[in-house]
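Asker: here are the coordinates; sequence isn't available:
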């Protein structure tokens with residue numbers, strides 16, 4: 001497999017299985033797409049190298065959770081603790097309101113999500129939030 005990669009990142013730009021054409025075709029194609037010729041390299045990759053390039057160039061999507069899936073995990077006791085926290089902390093109340101209004105998936109790696117998670121840990125406790133994370137099949141970055 002002939003491949004062309006961006007030198008600075010190692011990211012795959014193009015791959016061709018036609019071994020009859022020279023590597024310069026890959027370089028020309030990359031230049032036509034806006035890369036500079038000195039920023040790319042073309043070579044014949046082994047099957048293992050090509051698989052590694054595909055994996056590195058197509059990372060898995062970020063881990064996310066829907067707000068309704070998170071909220072579905074809360075028990076009556078959790079909600080009672082949350083209401084108490086809302087009553088005594090306007091910042092937590094605003095966080096709760098934004099959670100209820102959230103419609104797009106929340107990226108677990110996002111700083112805003114992590115701040116909200118930390119606030120819920122402070123209200124519900126680490127063991128309870130760990131159980132919720134397990135139920136949602138997510139890992140919260142440290």
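Answerer: Structure received. Here the structure is a predicted model, which means the values were calculated and not measured.
Asker: so where does the residue positioned nearest the centre of the chain fall, helix or strand?
Answerer: Closest residue to the average C-alpha location of the chain: residue 62 at 1.6 Å, with C-alpha atoms, centre = their mean. Residue 62 belongs to no helix or strand when elements are defined using DSSP states H and E.
Asker: and the gap between it and residue 105?
Answerer: 9 Å (C-beta to C-beta, to the nearest Å). Every residue, glycine included, has its C-beta placed from N, CA and C.
Asker: re the thing from before, quick one, what contacts the residue nearest to the centre of the chain?
Answerer: Contact partners of residue 62, counting by C-beta atoms under 8 Å, 6 or more residues apart in numbering, are 107-109.
Asker: Most neighbours of all these, which one?
Answerer: Highest neighbour count within those: residue 108, with 18 neighbours (other C-beta atoms under 10 Å).
Asker: wait, it sits on residue 70?
Answerer: No. Contact status for residue 108 versus residue 70: not in contact, 10.6 Å apart, counting by C-beta atoms under 8 Å.
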